[in-house]
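A.B. asks: Starting from these lines, generate the structure:
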Amino acid sequence: MKSNYTYILVLIISLFASCKKDETTSNPNNPNNITQSMEIIVYLNTVTDSTVELKGNIMDEGNSPVTVRGFCLTTNNITPDISNSDTFNVGSGVGFYTKTISNLIPGTTYYFRAFGINAQGTAYSDRQSFTSAEALPTVHSVSANAIDQTTANAIGEVMNDGGSPVINRGFILYYNPGGMNNNPRTINSGSGN
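C.D. replies: Numbers count the residues shown, from 1 in each chain. Next comes the predicted model:
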């Protein structure tokens, strides 16, 4: 009786040891159901009105080396991939990679993913988005005139509102008699261009 239990136990262990997980799954980041196990993560580092720094990490290249890696970026509200978006290649292999992308449109929402390509196909990170910052206004100080001991007439011009209404404008005056006082004084003069 003891040998029958041993035989059944060995059979059960053999069945579990021979099972292998099928890596082909219905995955939105792998729309072609390519058999692969590449793992990719994307990070958003910094965003300004005209640039963004993206950081990707290919943690596992699957069954073959990653020959191309990079980022897909678009302003269309879609899931970006290498066929429908601007593509930025950043080398090959596993590990972290970074790309600074310039010439963004201020105040615009972008959608992006990291990608990696190996012999099995292309794998993507999850889709993420960011909105570039609004541009700052362009201001020009033209002159100061009618200056006497207690008053001055300062003239300036808002050349460009940067894409958003100017809500406050004015001058900053530094008063420094004899080098003793460096406290600036702000003088507001309205809003708009």
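A.B. asks: Show the residue spans covered by the helices in this structure.
C.D. replies: Along the chain, the segments classed as helices by DSSP state H run 2-18.
A.B. asks: how about the strands in it?
C.D. replies: For the chain, strands defined by DSSP state E occupy the ranges 39-47, 52-60, 68-74, 86-89, 95-101, 109-118, 121-124, 128-131, 138-145, 153-160, 170-174, 184-188.
A.B. asks: Looks like Leu104 contacts Thr131 (just checking).
C.D. replies: No: Leu104 is beyond contact range of Thr131, at 9.8 Å (criterion: C-beta atoms under 8 Å). Glycine gets a C-beta too; all of them are placed from N, C-alpha and C.
A.B. asks: tell me, what's touching these two both at once?
C.D. replies: Tyr110 (C-beta atoms under 8 Å, 6 or more residues apart in numbering).
A.B. asks: In terms of neighbours, single out the busier of these two.
C.D. replies: Between Leu104 and Thr131, counted using other C-beta atoms under 10 Å, Leu104 has the larger neighbour count: 20 against 12.
A.B. asks: still on that earlier bit, comparing the strands of the chain by mean pLDDT, which bottoms out?
C.D. replies: Ranked on mean pLDDT, the bottom entry among the strands of the chain is strand 184-188, at a mean of 62.
A.B. asks: circling back: what's the closest of the strands of the chain to Pro80?
C.D. replies: Distance to Pro80, taken as C-beta to C-beta, is lowest for strand 68-74 among the strands of the chain, at 3.8 Å.
A.B. asks: Just the C-alphas of the closest one, formatted as PDB.
C.D. replies: Output of strand 68-74 as PDB, limited to C-alpha atoms (Å, rounded to 0.1, in the frame of the first residue of the first chain):
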ATOM      1  CA  VAL A  68      15.400  48.700 -30.900                       C
ATOM      2  CA  ARG A  69      13.900  50.500 -28.000                       C
ATOM      3  CA  GLY A  70      12.300  53.900 -27.700                       C
ATOM      4  CA  PHE A  71       9.100  55.900 -27.300                       C
ATOM      5  CA  CYS A  72       5.900  56.600 -29.400                       C
ATOM      6  CA  LEU A  73       4.400  60.000 -28.900                       C
ATOM      7  CA  THR A  74       1.200  61.600 -30.400                       C
END
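A.B. asks: Would you mind giving the strands of the chain as CSV with distance to Pro80 added?
C.D. replies: Formatted as CSV, those follow (distance: least, C-beta to C-beta, whole Å):
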stretch, distance to Pro80
strand 39-47, 11
strand 52-60, 12
strand 68-74, 4
strand 86-89, 8
strand 95-101, 13
strand 109-118, 5
strand 121-124, 8
strand 128-131, 10
strand 138-145, 32
strand 153-160, 31
strand 170-174, 43
strand 184-188, 44
